[in-house]
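Student: coords please:
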Amino acid sequence: MADDSTYWKLGGAVLAVGLLLMVILLPLSFSDVEYYEIAFVQRKSTGTVYTDEVYSGGRHLIGPDFKFKTYQADAHVVEFASSDLDVSTSDKLSIRLQAHMQYFLREEDLSELHRRFDK
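Tutor: A predicted model of the protein is given here:
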């Protein structure tokens with residue numbers, strides 16, 4: 001039967017390894033989402049995206065094997081001005097068309113958008 005000092009040394013070694021792992025892994029478990037982004041959690045090792053929760057801006061504890069797959073939360077602006085459309089009427093008048101639009105992603109629809117379009 002081992003004496004008490006052996007148990008203390010073994011317990012101290014286990015505690016030291018546990019603390020070392022915590023000091024290394026805990027900072028790696030935090031990830032940031034910028035204030036102008038919304039995000040899903042994605043596993044780094046497999047690439048699987050978990051769409052059950054949408055994260056908004058801030059620092060989140062998600063684990064060391066995870067990262068955020070981010071989407072722009074502010075206005076998406078689409079401009080068709082660089083490819084102006086010149087049209088001629090029957091009177092030989094030239095008409096130039098330009099189109100601009102903007103849209104926002106809704107958090108409640110982001111899971112469906114990811115499932116359908118983000119391959």
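Student: quick check: phi and psi at His114.
Tutor: The phi and psi values for His114, taken as degrees, to the nearest 10, are phi -60, psi -40.
Student: the longest helix in this protein is where?
Tutor: helix 4-28 (DSSP state H).
Student: for whatever helix or strand comes next after that helix, output the C-alpha coordinates as PDB.
Tutor: Proceeding N to C from helix 4-28, the next assigned helix or strand is strand 30-33, under DSSP states H and E. What follows is the C-alpha trace of strand 30-33 in PDB, where atoms were taken according to Å, rounded to 0.1, in the frame of the first residue of the first chain:
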ATOM      1  CA  PHE A  30     -14.000  32.400 -27.300                       C
ATOM      2  CA  SER A  31     -14.900  33.800 -30.700                       C
ATOM      3  CA  ASP A  32     -16.100  37.200 -31.800                       C
ATOM      4  CA  VAL A  33     -19.000  38.300 -34.100                       C
END
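Student: any chance you could map the strands in the protein?
Tutor: With DSSP state E as the criterion, the chain has strands at 30-33, 37-43, 49-55, 58-61, 66-72, 76-79, 85-88, 94-97, 100-103.
Student: same list, these, but as a markdown table with distance to Val23 and mean neighbour count please.
Tutor: C-beta here means a position set from N, CA and C on the backbone, and glycine is covered the same way. Compiled in a markdown table, the strands of the chain are given as follows (distance: least, Cβ to Cβ, whole Å; neighbours: other Cβ atoms under 10 Å):
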| stretch | distance to Val23 | mean neighbour count |
| --- | --- | --- |
| strand 30-33 | 13 | 16 |
| strand 37-43 | 23 | 19 |
| strand 49-55 | 25 | 15 |
| strand 58-61 | 15 | 12 |
| strand 66-72 | 19 | 16 |
| strand 76-79 | 41 | 10 |
| strand 85-88 | 61 | 9 |
| strand 94-97 | 61 | 9 |
| strand 100-103 | 45 | 10 |
